[in-house]
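*Asks:* no FASTA, just this:
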C-alpha cells in the first residue's frame, strides 16, 4: 500500500492552497485600503462581497470556509485576529491585521 495518512501539517497546507486567488486578492485590496498606523481592520462582509464579485458568484453562494486565511497571513508576517459577534450580540465580523 503506497497511500499514507495525511499529516496535520500537510492538511493545513492543502487547506490554505485550496483558497481561491480571488479571496486572497480581496483581502489584499481591503488590507491595503484600510492600512493605517500598522493595522488594518477588514469587515468580513466586505471580503465576501469583493471576493464573490471577483469569482462571479452570488454572495449567497460564497463558501465561508474560504475565509480561513489566518495561517497564510500569519506566515506572511501579520498578527491576525478574527472577531465575530457572540450569542445575543450584533456587530459585523472583522479580521484585524497588525504588522508584527
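*Replies:* Perfect, I can see it now. What you see is a predicted model, and the numbers here were worked out from it, not measured in a lab.

*Asks:* how many other residues sit next to the nearest residue to residue 61 once chain neighbours are set aside?
*Replies:* Closest residue in space to residue 61, ignoring its immediate chain neighbours: residue 52 at 7.5 Å, by Cβ to Cβ, 6 or more residues apart in numbering. Where C-beta positions appear, they are placed from N, C-alpha and C, glycine not excepted. When neighbours are defined as other Cβ atoms under 10 Å, residue 52 has 20 of them.

*Asks:* ok, now how distant is residue 52 from residue 38?
*Replies:* Distance, residue 52 to residue 38, by Cβ to Cβ, to the nearest Å: 29 Å.

*Asks:* kindly report the same for residue 81.
*Replies:* As judged by Cβ to Cβ, residue 81 and residue 38 stand 14 Å apart.

*Asks:* before we move on, what about residue 90?
*Replies:* From residue 90 over to residue 38 the distance is 29 Å, taken as Cβ to Cβ.

*Asks:* for the protein, what spans make up the strands?
*Replies:* Assigned by DSSP state E, the strands in the chain fall at 39-43, 78-83, 94-99.
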